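Undergrad: Give me the fold of what follows.
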Amino acid sequence: MSFTLPALPFAVGALSARGMCQETLELHHGKHHNAYVTALNGLVEKNDALKGKSLEDIVRLAYGKDDLQPVFNNAGQHWNHSVFWESLSPNGGGIPGVLEKKLVEDFGGVEQFKEQFKAAALGQFGSGWAWLVLAPTGKLKIVKTPNAATPLATGEGKVLLVLDVWEHAYYVDFRNRRPDFTDNFLNRLANYENAAAKLQKA
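TA: Predicted coordinates:
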């Protein structure tokens, strides 16, 4: 079973009017993400213990193991990016009532959530990710992870939303302005409908 690059859930140019141009997605999805999938398939092919396992199983299995670090890097990046595409929408930014209620309950309000999420995104030194997860306690929580690390591996909670803060995610559109990229995500691109659906399912 080889892994494949998932199709974007929107047209490649669909986010241009909301601050993420077609070139960004062609490079980020078509080149960067695709390279992780290709590399992962090559590594799995050479390791009988990984063959037939799901992506999630491979991420968990390889986490924290020095001999499987290249496997984790590529599997983690494949999984993280797959969730990132689901976290974007051409109609993003609007927060459904069920999610808004939970944000108010656990963060004190939508603006407080955005402030804390932005702090995590900007506080992640170098490459990495900012996540909104539903923790095992039943509370919403914001987590940041470096490089390919992911809450899927650390067990910190069920992922509802993620922002990629690797430079390749924003350099074409925002150059080195990660704060502006994060604001644009939270207010215009974030697929809160998808996050709300995941929250209800959980």
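
Undergrad: okay, CA-based contacts and neighbour counts for the rest of this
TA: OK.

Undergrad: which residue of this structure sits farthest from its center?
TA: Of all residues in the chain, residue 48 has its C-alpha farthest from the mean position, at 28.5 Å, by Cα atoms, centre = their mean.

Undergrad: Would you check how far apart that residue and residue 195 are?
TA: 36 Å (Cα to Cα, to the nearest Å).

Undergrad: How about the backbone phi and psi for residue 129?
TA: Taking degrees, to the nearest 10, you get phi -150, psi 150 for the backbone angles of residue 129.

Undergrad: which one is it nearest to, not counting chain neighbours?
TA: residue 164 (4.8 Å; Cα to Cα, 6 or more residues apart in numbering).

Undergrad: Would you confirm that that neighbour contacts residue 122?
TA: No: applying Cα atoms under 8 Å, one finds residue 164 not in contact with residue 122, separated by 11.2 Å.

Undergrad: Same drill for these two, tell me which one is more crowded.
TA: Between residue 164 and residue 122, residue 164 has the larger neighbour count (other Cα atoms under 10 Å), namely 22 against 17.

Undergrad: got the phi/psi numbers for the more buried one?
TA: According to degrees, to the nearest 10, residue 164 has phi -80, psi 120.

Undergrad: which residue packs closest to residue 114, ignoring adjacent ones?
TA: Residue 114's closest residue in space is residue 186 (Cα to Cα, 6+ apart), at 6.9 Å.

Undergrad: make that residue 134, sorry
TA: Closest residue to residue 134 apart from its sequence neighbours, by Cα to Cα, 6+ apart: residue 140 at 4.5 Å.

Undergrad: now residue 192
TA: Using Cα to Cα, 6+ apart, the closest residue to residue 192 is residue 95 (5.4 Å).

Undergrad: give me phi/psi at that neighbour?
TA: Given degrees, to the nearest 10, the pair of backbone angles that residue 95 has is phi -100, psi 120.

Undergrad: Pretty sure it sits against residue 190.
TA: No: counting by Cα under 8 Å, residue 95 sits too far from residue 190 to count as a contact (9.1 Å).
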